[in-house]
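Chemist: sequence? don't have it. structure:
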């Protein structure tokens, strides 16, 4: 079936359909990862976005039941150069096309993804529409112009009631505030001896403390962090009372809770090879990232800036040592190296140990 992508600047890209064939309008962004399309498809942080994959061959290892990051299929569409519907992988259970059809995610293949990526890189992330190829350009652009940007993504992806992920021989109890949490984060907390209680994003500080946590985790999630300032207020109430660790959106919310500002990047950071320098150690970490917003730097004697992105010098890590509160913009649970970023989970464990020792003193 012939379809096309029309960008808000009027550029058109003709291709073929896979997955769902409905008409969709959303922000178009790109991801530079060579693998991981299943994790991208099931990452709630991509809610209400179209993902243009820069790697040219997508679908070649299929979909594996154990590798989902959530039960939510965030993106509205996936745009690829060449879709492969004959996976070569002994673990695969479904094709990417089958899963996208089942979950109503639109696919577009046989388009020039390099040109789309260059357009977004040069002009910034913009709205686009995927529609039938015979839809007039003027009509497509009118639909884009009439589209109302949504601001309720986190309420859509957050759990509706609390749930639990327990481990053998637990040492700590962690409450995770779910703004679109990924399973790999929970798995890493479990591996480090933490029972995890996942709660909705609008849970109050009083209800969180009633669960008697040893630490608080703030998850990743979609959209503008300023849309959920209520979560930043809860962080402010909990900061210094319990150790706090935030990832991605959690990093931005910790920043907002401490008087920093956030802003939208021109085209965001999405990929698995972003270099970040840890200023505390001088080491460069190769990181996985997925976000549209960043933290604006400012001087605050209480707050240490611990990491910077080497591509654009944006703030990638914060720490408030006196409160045992810290965060990173990237995804340590998705690190390129096997243990490169796992030290952050160990740091969280160390902070919880410190609090326990104080309580027992």
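Modeler: Sure thing, it's come through. Treat the numbers as computed from the prediction; the structure is a model and nothing was measured.
Chemist: got any ranges where the stretch 201-350 of the chain has weak pLDDT?
Modeler: Along the stretch 201-350 of the chain, segments meeting pLDDT under 70 span 335-341.
Chemist: Please repeat the previous calculation with a cut-off of 50.
Modeler: Residue ranges of the stretch 201-350 of the chain with pLDDT under 50: 338.
Chemist: Do you have the strands of it handy? List them.
Modeler: Listed in chain order, the strands of the stretch 201-350 of the chain (DSSP state E, counting those that start in this stretch) span 215-218, 244-247, 261-278, 284-296, 304-309, 315-320, 325-328.
Chemist: Show residues contacting the biggest helix by length in the chain.
Modeler: For the chain, the helix with the greatest residue count under DSSP state H is helix 343-360. The contact list for helix 343-360 (CB atoms under 8 Å, 6 or more residues apart in numbering) reads 171-172, 174, 188-189, 191-194, 214-215, 217, 242-243, 245, 324, 326, 328, 332. Yep, even glycine has a C-beta here, placed from its N, CA and C like the rest.
Chemist: do stretch 295-311 as well
Modeler: Contacts to stretch 295-311, defined as CB under 8 Å, 6+ apart, come from residues 251-252, 255, 258-263, 269, 274-280, 284-285, 314-322, 326, 328-330.
Chemist: Can I have the buried ones of those as a ChimeraX selection?
Modeler: Only the buried entries of those go into this ChimeraX selection, using 16 or more other CB atoms under 10 Å:
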select :251,252,255,258,260,262,269,274,276,277,278,285,314,315,316,317,318,319,320,326,328,329,330
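Chemist: Return the set of buried residues in the longest helix of the chain.
Modeler: Using 16+ other CB under 10 Å as the test for burial, helix 343-360 gives 343, 344, 345, 348, 349, 351, 352, 355.
Chemist: got it, and stretch 126-146?
Modeler: Residues of stretch 126-146 classed as buried: 126, 127, 128, 129, 130, 131, 135, 140, 141, 143, 144 (neighbour count, 16+ other CB under 10 Å).
Chemist: how far does that stretch stretch from start to finish?
Modeler: End-to-end distance of stretch 126-146: 14 Å, with CA to CA, to the nearest Å as the criterion.
Chemist: Give me the mean pLDDT for that stretch.
Modeler: When pLDDT is averaged along stretch 126-146, the result is 98.
Chemist: Weed out the non-buried ones from the contacts of helix 343-360.
Modeler: The neighbour-count test (16+ other CB under 10 Å) marks 172, 174, 188-189, 192, 194, 214-215, 217, 242-243, 245, 324, 326, 328, 332 as buried among the contacts of helix 343-360.
Chemist: What distance do you get for residue 238 to residue 37?
Modeler: For residue 238, the distance to residue 37 (CB to CB, to the nearest Å) stands at 36 Å.
Chemist: cool, and residue 271?
Modeler: Residue 271 sits 13 Å away from residue 37, taking CB to CB as the criterion.
Chemist: The two: which has the busier surroundings?
Modeler: Neighbour tally, residue 271 and residue 37, criterion other CB atoms under 10 Å: the higher count belongs to residue 37, 21 against 18.
Chemist: check contacts around that one.
Modeler: The contact partners of residue 37, taken as CB under 8 Å, 6+ apart, are 53, 58, 59, 78, 96.
Chemist: hmm, try it at 6 Å
Modeler: Residues near residue 37 by CB atoms under 6 Å, 6 or more residues apart in numbering: residue 58.
Chemist: Residue 73 versus that one, what's the distance?
Modeler: As judged by CB to CB, residue 37 and residue 73 stand 12 Å apart.
Chemist: which residues of this protein fall in helices?
Modeler: Using DSSP H, helices in the chain cover 37-41, 96-102, 113-123, 137-146, 153-157, 183-191, 205-210, 229-238, 249-257, 343-360.
Chemist: so which of these comes closest to residue 167?
Modeler: Taking CB to CB, helix 183-191 is the member of the helices of the chain nearest to residue 167, at 4.1 Å.
Chemist: and the closest one, how far from the chain's centre?
Modeler: Centroid displacement of helix 183-191 relative to its chain, using CA atoms, centre = their mean, to the nearest Å, is 15 Å.
Chemist: tell me the mean pLDDT over it?
Modeler: Taken as a whole, helix 183-191 has a mean pLDDT of 95.
Chemist: okay, the angle between that helix and helix 249-257?
Modeler: With axes from the mean of the first three to the mean of the last three CA atoms, to 10 degrees as the basis, helix 183-191 and helix 249-257 are set at 90 degrees to each other.
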